[in-house]
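Trainee: The sequence and its predicted three-dimensional model are supplied below.
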Amino acid sequence: MHLNLYKFFRDRFGSSLDHTFLVCPEGSRLSYGDIDHLSACFAAVLIHAKVAAGERVIVQVDKSPGAVALYLACLRVGAVYVPLNIAYTATEVSYFLRDAAPALFVCRPEAAAKFYPVATLAGVPLSHTLGTSLDGSVGKLARKLTPHEALTVRAPGDVAAMLYTSGTTGRSKGAMLTLDNLASNALTLHRYWGFKPDDVLLHALPIFHVHGLFVALHCAMLNASRVIFMPQFDASEVSKALPESTVMMGVPTFYTRLLLCADFGREVCGHMRLFISGSAPLSEQTFSEFEQRTGHQILERYGMTETGMITSNPLEGERIAGTVGYALPEIKIRVSDESGEPLPAGQVGGVELKGPNVFSGYWRMPEKTEEEFRKDGYFITGDLGTLTEDGRLSLVGRSRDLIISGGYNIYPKEIESVIDALPGVVESAVIGIPHVDLGESSIAIVVPSRDDPASCESILEATAAQLARFKQPRDVILVDELPRNTMGKVQKNILRERFDGK
Ligand code: MLC
Ligand code: AMP
């Protein structure tokens with residue numbers, strides 16, 4: 001079978017080109033016809049830039065309708081879309097540019113002076129800019145070119161997008177997601193969550209991650225839905241927009257922040273059909289407070305960059321706080337011991353899965369890819385969980401050393417590598433501690449050298465220069481030594497217990 005992923009969505013919204021697609025708070029509106037045209041304009045830019053099918057396009061731009069059109073333009077020409085968090089620093093962006101070897105890099109107009117030289121040094125042949133009001137060189141060039149209704153034919157197993165995600169190595173890996181991965185997960189979620197013709201999606205997530213880009217926008221496009229497209233999450237703006245919306249997707253921090261608004265309650269949510277949460281654990285307290293205040297049970301689901309969505313609480317039927325529900329249709333999940341042997345219901349083990357949603361591998365890392373799969377094809381998520389007899393999954397922890405802060409992943413190893421390389425530092429351990437707003441936040445426990453020791457301030461300054469803000473430790477604590485087990489491994493559980501109330 002051959003397909004084009006843009007055509008897959010276009011076939012669904014094509015009969016609704018006059019329907020509103022994106023509604024932005026500053027008043028601009030784009031219909032499905034407008035986005036179809038804009039994506040054709042941007043496809044012309046990609047073709048002019050000689051971006052071929054299968055080549056990577058790295059994009060680090062602000063959330064805007066233009067950014068959505070650029071994503072769709074990549075799908076049109078069969079290029080591999082690689083979005084980056086706008087918080088990434090030059091050091092971080094440089095790594096992605098070298099690793100992905102893109103044919104084109106697109107950044108914000110105001111970032112060009114800083115990032116163009118980084119891209120040139122990384123050997124990227126061409127860079128462009130895109131601003132929120134279609135300013136920048138992409139918009140300028142698009143206005144000169146004839147729109148191109150490109151629909152390059154691709155195979156289902158071809159890569160459509162690559163999203164960077166880290167791991168125990170601390171080195172970010174590009175997770176290659178195929179056309180089939182994205183299409184199958186979109187169809188499943190659209191059906192499972194019962195999208196209805198006049199659903200209106202409230203969208204306040206970033207669009208450089210699976211959650212905001214694929215889960216939210218793909219469902220909306222399959223449904224030809226109107227999307228209230230907010231530049232970022234702001235509890236009072238979201239509260240104001242809820243009466244016009246029917247579905248919202250968010251990370252748990254969205255819900256805890258909404259509950260802090262005094263006027264948030266049943267009245268505001270009267271028109272809502274569904275609140276969905278994911279990317280991080282939703283506490284039972286938030287689930288029940290939300291239900292008391294609004295009458296709505298938040299539907300919690302579970303997913304990963306490498307797999308899209310894996311499980312979901314049911315639309316009809318019991319949504320149980322603290323559980324992430326059942327395997328989505330066509331996906332098989334199991335809980336296994338360390339050798340991959342499935343465990344009986346009720347026992348805690350590693351969560352593994354198989355299905356059309358599972359990525360094709362890590363970019364240029366075949367050994368790493370192989371390590372993450374069992375011989376029988378199951379992908380090892382690194383999450384720990386337990387299944388009930390009837391297949392309901394609860395997550396109880398992570399076997400990976402991962403911190404999730406406000407839905408963003410922080411890999412301690414990456415931060416530790418930056419700190420350990422500083423003068424005056426012997427070693428460090430970065431741990432997550434509970435945080436009321438973000439779920440978890442990170443702190444660094446550092447052993448300074450005896451001669452000329454680094455100070456907390458110098459460590460914070462160095463991390464600020466090299467790491468995106470969300471990854472920077474919120475605090476640095478100096479200690480004489482780190483606790484280790486007999487194997488010499490740092491015992492982070494002891495550190496977490498000791499600094500829990502920090
Ligand atoms: C922003 N900051 C964060 C942060 N977000 N720090 C730690 N963790 C975060 N998540 C920084 C800001 O730069 C700022 O720096 C300071 O922290 C406080 O900012 P804020 O104003 O409170 O944050 P805000 O901009 O409101 O953002 C918080 C947030 C946002 C939770 C709304 O992070 C967000 O939208 N998160 C969603 C992430 C997401 O989509 N995850 C999906 C991953 S996909 P300063 O300098 O002011 O201190 C995935 C798979 C799946 O996981 O299952 O979905
Ligand atoms: P990412 O690599 O950014 O895709 O993050 C994926 C990780 O987020 C998963 O492996 C889980 O650890 C976590 N995650 C996603 N959804 C949930 C959820 N509903 N509850 C707990 N953790 C979640």
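Mentor: Okay, I see it. Ligands and ions are numbered 1, 2, ... in the order given.
Trainee: make it CA atoms for all contacts and neighbour counts henceforth
Mentor: Will do.
Trainee: For Phe275, grab the count of nearby residues.
Mentor: Phe275 has 18 neighbours, counted by other Cα atoms under 10 Å.
Trainee: That one and Met248, how far apart?
Mentor: Distance, Phe275 to Met248, using Cα to Cα, to the nearest Å: 5 Å.
Trainee: any weak-confidence spans in the stretch 51-200 of the chain?
Mentor: Counting by pLDDT under 70, the stretch 51-200 of the chain shows low-confidence ranges at 167-170.
Trainee: What helices and strands are in contact with whichever strand or helix holds Tyr302?
Mentor: Element membership for Tyr302 (DSSP states H and E) is strand 299-304. Counting contacts by 3 or more Cα pairs under 8 Å, 6 or more residues apart in numbering; DSSP states H and E, strand 299-304 packs against strand 274-277, strand 308-312.
Trainee: Could I get the buried residue list for that strand?
Mentor: 299-304 (16 or more other Cα atoms under 10 Å).
Trainee: Go ahead and name everything in contact with it.
Mentor: 210, 274-279, 282, 309-315, 319, 321, 323-325 (Cα atoms under 8 Å, 6 or more residues apart in numbering).
Trainee: Find out how far that strand is from the centre of the chain, if you would.
Mentor: Distance of strand 299-304 from its chain centroid, counting by Cα atoms, centre = their mean, to the nearest Å, is 12 Å.
Trainee: and that strand, which strands flank it?
Mentor: Strand 299-304 pairs in its sheet with strand 274-277 (parallel), strand 308-312 (antiparallel), by DSSP bridges.
Trainee: show me where the stretch 101-250 of the chain has strands.
Mentor: Applying DSSP state E, counting those that start in this stretch to the stretch 101-250 of the chain gives strands spanning 104-107, 127-129, 159-165, 173-178, 200-203, 226-229, 247-250.
Trainee: Show me the domain layout of the protein.
Mentor: The record's domain parsing of the chain by automatic domain parsing lists 27-179, 233-398, 403-498.
Trainee: between those, which gets nearest to Thr188?
Mentor: With distances scored as Cα to Cα, the stretch of these nearest to Thr188 is domain 233-398 (6.8 Å).
Trainee: mind checking how far the residue nearest to Lys63 when sequence neighbours are not counted is from Gly212?
Mentor: What sits nearest to Lys63 in space, not counting adjacent residues and going by Cα to Cα, 6 or more residues apart in numbering, is Pro231, at 5.8 Å. Distance of Pro231 to Gly212, computed by Cα to Cα: 11 Å.
Trainee: Pull up the overlap in contacts between these two.
Mentor: 204, 206.
Trainee: Against ligand 1, how distant is the residue lying closest to Thr20 once chain neighbours are set aside?
Mentor: Among residues not flanking Thr20 along the chain, Ser31 sits closest, at 4.0 Å (Cα to Cα, 6+ apart). Distance, Ser31 to ligand 1, by Cα to the nearest ligand atom, to the nearest Å: 25 Å.
Trainee: give the contact list for Ser31.
Mentor: With Cα under 8 Å, 6+ apart, Ser31 has these contacts: 17-22.
Trainee: how many neighbours does the closest residue to Gly322 other than its chain neighbours have?
Mentor: Nearest residue to Gly322 in three dimensions, chain neighbours excluded: Glu284, at 5.8 Å (Cα to Cα, 6+ apart). When counting by other Cα under 10 Å, one arrives at 13 neighbours for Glu284.
Trainee: shouldn't Glu284 be in contact with Ala321?
Mentor: Yes. Glu284 lies in contact with Ala321 (Cα atoms under 8 Å); the separation is 5.2 Å.
Trainee: what comes up buried for the helix or strand where Glu367 lies?
Mentor: Assigning secondary structure by DSSP H and E places Glu367 in helix 366-371. Residues of helix 366-371 classed as buried by neighbour count (16+ other Cα under 10 Å): Thr369.
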